[in-house]
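> sharing a model prediction with you, sequence too.
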Amino acid sequence: MPLDKAARACYYCIVMAKKTDIEDQLRQAILQAGMSRYALWKLSGVTEAVLSRFVNRSRTIRLDTAAKLAEVLGLELTPKRRARKGK
């Protein structure tokens, strides 16, 4: 069943809020790591340009890129289980 315009807007806000929380946590971890972007690039394979744009909030990153960074930073990305409807 397609969502109406108001429902789509609400869903988009929820998804973006969750995405932003993850991105903010990852940015904070990058800044607190005390590691240069060059070193992070060499360890993760994520280019300095992508890191710079992400940390400076001019771009977002894909999930696979976030996973690479998380691994180097000693973080774990885990999916949240969705609550079942009707329970």
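The structure has been received and is ready for your questions.
> any chance you could map the helices in this protein?
5-32, 37-44, 48-55, 63-73 (DSSP state H).
> send the alpha carbons of the third one over as CSV?
This file holds the C-alpha atoms of helix 48-55, laid out as CSV (Å, rounded to 0.1, in the frame of the first residue of the first chain):
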residue,chain,number,x,y,z
GLU,A,48,40.9,11.0,2.1
ALA,A,49,38.5,13.0,-0.2
VAL,A,50,35.5,10.9,1.0
LEU,A,51,36.6,11.1,4.6
SER,A,52,37.1,14.9,4.3
ARG,A,53,33.7,15.5,2.7
PHE,A,54,32.0,13.2,5.3
VAL,A,55,33.6,14.8,8.4
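> that one: how far from the chain's middle?
Taking Cα atoms, centre = their mean, to the nearest Å, one finds helix 48-55 lying 13 Å from the centre of the chain it belongs to.
> how about it: buried residues?
50-51, 54-55 (16 or more other Cβ atoms under 10 Å). Using the backbone N, CA and C atoms, a C-beta is placed for each residue, glycine as well.
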